[in-house]
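K.L.:
Build me a structure from this.
(2 chains)
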Amino acid sequence: MQDDCKSIQEQIAELVSGVLSAERAAELRAHIRACAACRAYLEALQADDKLLGKFAEAMQPTVARLENRVIEAIGDVRSGKSAGRASVLRTILRSRVAKFAAAAVVVVALALMMHRGSRRLDMAAPAFAKMVEAMGKVAWVNEVETKRIRDKGRYDEWVFYDYSYKAKLVFKRSDKGDFSCQDYLNCTETFYDREADTVVIGYRPEYHDPWWRPTPQSLVEKWKKDFEKGRTVVTHQVGPYEGIDADIYCSTDYGTTKQDRRYVASEFILIVDRNRHLPLATSFKFWMSDGTLDTDTDTKYSYPEKGPTDIYELGCPKTAKVFDNSPTPELVQAVAGYRAGREGSPERYIAILVTGSYKESPESYLINSVEVHYCDDYLQRCDLCFFQPITEQQFIEKAGNSFDSIMKWWTSEAKAELRISHEKVYLYGQEYCCWLHRAGGSKDWVTLYKGYSPGKGRIGPRTLGRYVVYRNILSELGWTDWLLKTTGSWKVSLAENDYSRSNNLLCIAVSDKSSFTGDGGASGGSLFYLNPQRNYICQKYELYPRSNRYYFREVLEYGQTDVGDWYPRKILARENRQDVSPPERQEMITVYLDADPQFPEGVFDPDKLPKASE
Amino acid sequence: MQGDSEKDLVARCRAGDKSAYADLVRAYSACVFAICLGMLGNSHDAEDVAQQTLLKGLMGISGLRRDDQFGAWISRIARNLCIDFIRKCRLRANVPDRQAGLAQPDSCDYGELQAALAELPEDLRLTLMLYYFDGRSTNNIAETLDISQGAVQTRLCRARKQLRRLLEAQRGA
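P.N.:
Numbering: from 1, shown residues only, chains lettered A, B, ... in the order given. Purely as a prediction, here's the structure:
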């Protein structure tokens, strides 16, 4: 296929969608009439269009069934036929606490009337520190949560938790028959799958991060936020709760928003043992604008001396089949090294990524994109430009072969010398992100996405097609985060094969349940080859999905910064079907790095981005 | 359904007329189902979440501020419920992000198409589903997704191209 056809086929979808100008459409049609390959592509797109239409038609009975089910249910929902189980706190609040709570609401209402606005009483704050301290000392915390949701016909969901903050263990069971145990010390999770009647012991390497672990602070922080809301009014009462002398804090918030819904009011009650400073119960309620109670969650806490030792004690049948994928100490050590390498990758740099591809031999390598990544911890920007492919020799003649020469060319002649097909700019800050796009030859930028999240922390990396702007591109290229995400029911183990032996690498195999054979001949899953001599960079990564397509990425060359950090300098990526040789697509990325950068002025300033039409 | 009739139906719903909500269900079930199918990639899950969406709409209709915005509002509920559903699946299955929430495609005559659709990025799949399930109007999709008509057309073009590549890859395999 000629290059012209490639570019024309890119536009045929636009022709099918009817968005091309009449003039351009006529030009394309003329080409299609004369070109068998493009005609076939157009016909294939038209066939897809028909197939999708038929698929939608085939789904009509499902839509009709859905309609009937909903219309039948309308009467039931209105009359509230399904009754829930008895609430834990409903019983509790029948006691004197309810009276206190009710009195508290009256106090709040009076306060609001008197002050013509909300008034914050910060009296709850001192109790939190004592509560955290007291909860840190107990052996076990037992938590029973009951939720009633009006939308769902007022059914109850019960979840039981047993925490041991000291032993870093969490047991969870629900009334639906699921059981799990998270062991944060050994980074494992045991999960009982009721449908499959199997117990899977999985490796959760992310549990190494302290923020994953539940702590008394994390629990109390959630409550603290409710007390600190701008419009919240907090009242404090003292009274007995199940015979225990208790502090009762009530926080009432008017005009609450939760997800897409506004509530007229919400109420949070926290009951704390006055002497032991331990929480005894909480209650969350949300009211809708018609005055009805929408969501009602009660939680009750107790502090037993002993907790469960395994999920069988929670009721998991002993006959269930067990898949034990617990990690070996060697595997734990390898993953820890990998994690440390990832965390130690440079965080302040400018990286130029020159990317191209070849089909059969490296001699046919053509470069077609340059990305400039500016990274200053959480501030990141990527300027991405795609152009008509040129050979590596042509690229070096124009731009040179060093960071400085490429950067100089990039900021001066590059745009005039290349036939640009399109450009993109991604900008990420702590509380915003913005993506811009410009087609080749066009003067106008278009905003693809703009997000602001003031006060809520950084907006995370997002994908756009296959391009992802990562928090740290060097980290992603050197230490793919797949290994840290392959968790739970996946089997993670150390393996060995010719490649790992000859290159002195640690090989980690990840597969679903027991499909991995252990000798590098993976039938499904991934292989990660870590290089302990190079800060555990993942030198090679092979992914075998369920179908017979596979993907691999290999670091062919390493670079080192002035302070001795290793980074991937040349990376080869292949995507292929196993039965096709040579590979369908091989992509080569060369990284040029400045690890002690002077960032151009305003490079992270959203106001200095190219002006775009919205 | 646009304009007065929708407004009228919403007003009647508020007054307790159940048949008015049934009419809204008839008008929006395909759109809601398309959103759920687009986000979840599996018709069984999509049907369940769509049902939940339409019932949630009934319960919350008194809170709807603008009577002529029922479509955008119910679409938002559907998308939020799908996100919740995906999160729950992710928690339950413990699989990496990319695969979470995308259940196995249905086994039927359109298995190959559904497998390819499941591989599409969510924004493209959602746009494509809305286009084919809900009257092929880019204007309606733009309103539902709260994006410009131009953005809808761009997504449709990208979706078609990517879908073609995926189907070719599957047939080749």
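
K.L.:
Please count neighbours and contacts with C-alpha atoms only from this point.
P.N.:
Fine.

K.L.:
C-terminal to the longest helix along chain A, what's the next element?
P.N.:
With secondary structure taken from DSSP state H, chain A has its longest helix at helix A:36-58. As assigned by DSSP states H and E, the chain's next helix or strand after helix A:36-58 is helix A:60-79.

K.L.:
Let me see the ranges of the helices in chain B.
P.N.:
Along chain B, the segments classed as helices by DSSP H run B:3-14, B:18-40, B:43-60, B:70-93, B:111-119, B:122-133, B:138-145, B:149-172.

K.L.:
And the fourth one, what does it pack against?
P.N.:
Right, helix B:70-93. The elements that helix B:70-93 packs onto, with contact taken as 3 or more C-alpha pairs under 8 Å, 6 or more residues apart in numbering or on different chains; DSSP states H and E, are helix B:18-40, helix B:43-60, helix B:138-145.

K.L.:
Can you tell me which of those is packed in deepest?
P.N.:
Sort the helices and strands packed on helix B:70-93 by mean neighbour count, taking mean count of other C-alpha atoms under 10 Å in any protein chain shown, and helix B:18-40 sits at the top with a mean of 24.

K.L.:
I'd like the distance from it to the chain centre, please.
P.N.:
The gap between where helix B:18-40 is centred and where its chain is centred comes out at 9 Å by C-alpha atoms, centre = their mean, to the nearest Å.

K.L.:
cool, stretch A:130-149 as well?
P.N.:
If you compare the mean C-alpha spot of stretch A:130-149 with that of the full chain, they lie 28 Å apart, counting by C-alpha atoms, centre = their mean.

K.L.:
Output the helices of chain B in a markdown table; the columns should cover distance to residue A:362 and mean pLDDT.
P.N.:
What follows is these, written out as a markdown table (distance: least, C-alpha to C-alpha, whole Å; pLDDT from 0 to 100):
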| stretch | distance to residue A:362 | mean pLDDT |
| --- | --- | --- |
| helix B:3-14 | 61 | 75 |
| helix B:18-40 | 40 | 85 |
| helix B:43-60 | 45 | 83 |
| helix B:70-93 | 40 | 76 |
| helix B:111-119 | 30 | 80 |
| helix B:122-133 | 34 | 84 |
| helix B:138-145 | 44 | 80 |
| helix B:149-172 | 23 | 86 |
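
K.L.:
Quick one: closest of those helices to residue A:587.
P.N.:
Nearest to residue A:587 among the helices of chain B is helix B:149-172; the distance by C-alpha to C-alpha comes to 17.6 Å.

K.L.:
So which residue is dead centre in chain B?
P.N.:
The geometric centre of chain B, computed from its C-alpha atoms, lies nearest to residue B:35 (C-alpha atoms, centre = their mean), at 0.4 Å.

K.L.:
how much space between the closest residue to residue B:159 other than its chain neighbours and residue B:86?
P.N.:
Sequence neighbours aside, residue B:124 is the residue nearest to residue B:159 in space, at 5.2 Å (criterion: C-alpha to C-alpha, 6 or more residues apart in numbering or on different chains). Distance of residue B:124 to residue B:86, computed by C-alpha to C-alpha, to the nearest Å: 17 Å.

K.L.:
out of these two, which sits in the busier spot?
P.N.:
Remark: of residue B:124 and residue B:86, residue B:124 carries more neighbours, 24 against 19, as counted by other C-alpha atoms under 10 Å in any protein chain shown.

K.L.:
residues touching that one, list them.
P.N.:
Contacts of residue B:124 were listed using C-alpha atoms under 8 Å, 6 or more residues apart in numbering or on different chains, and they are B:155-156, B:158-159.

K.L.:
do that again at 10 Å, thanks
P.N.:
Applying C-alpha atoms under 10 Å, 6 or more residues apart in numbering or on different chains, we find residue B:124 in contact with A:464-465, B:38-39, B:117, B:152, B:154-160, B:162-163.

K.L.:
hang on, the earlier thing: residue contacts, the residue nearest to the centre of chain B?
P.N.:
Neighbouring residues of residue B:35 by C-alpha under 10 Å, 6+ apart: B:29, B:41, B:46, B:49-50, B:75-76, B:78-79, B:82, B:125-130, B:133-134, B:144-145.

K.L.:
Pull up the distance across stretch B:34-46, start to finish.
P.N.:
One end of stretch B:34-46 sits 8 Å from the other (C-alpha to C-alpha).

K.L.:
for stretch A:603-611, same thing?
P.N.:
With C-alpha to C-alpha as the measure, the ends of stretch A:603-611 fall 14 Å from one another.

K.L.:
So which bits of that stretch are buried?
P.N.:
A:603-604, A:609 (16 or more other C-alpha atoms under 10 Å in any protein chain shown).

K.L.:
now do stretch A:551-560
P.N.:
Within stretch A:551-560, the residues that qualify as buried by neighbour count (16+ other C-alpha under 10 Å) are A:551-555, A:558.

K.L.:
Kindly reformat those as a markdown table and extend each row with secondary structure and pLDDT.
P.N.:
Converted to a markdown table, the buried residues of stretch A:551-560 look like this (DSSP: H, G, I helix; E, B strand; the rest coil; pLDDT from 0 to 100):
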| residue | secondary structure | pLDDT |
| --- | --- | --- |
| A:551 | strand | 79 |
| A:552 | strand | 83 |
| A:553 | strand | 89 |
| A:554 | strand | 93 |
| A:555 | strand | 95 |
| A:558 | strand | 95 |
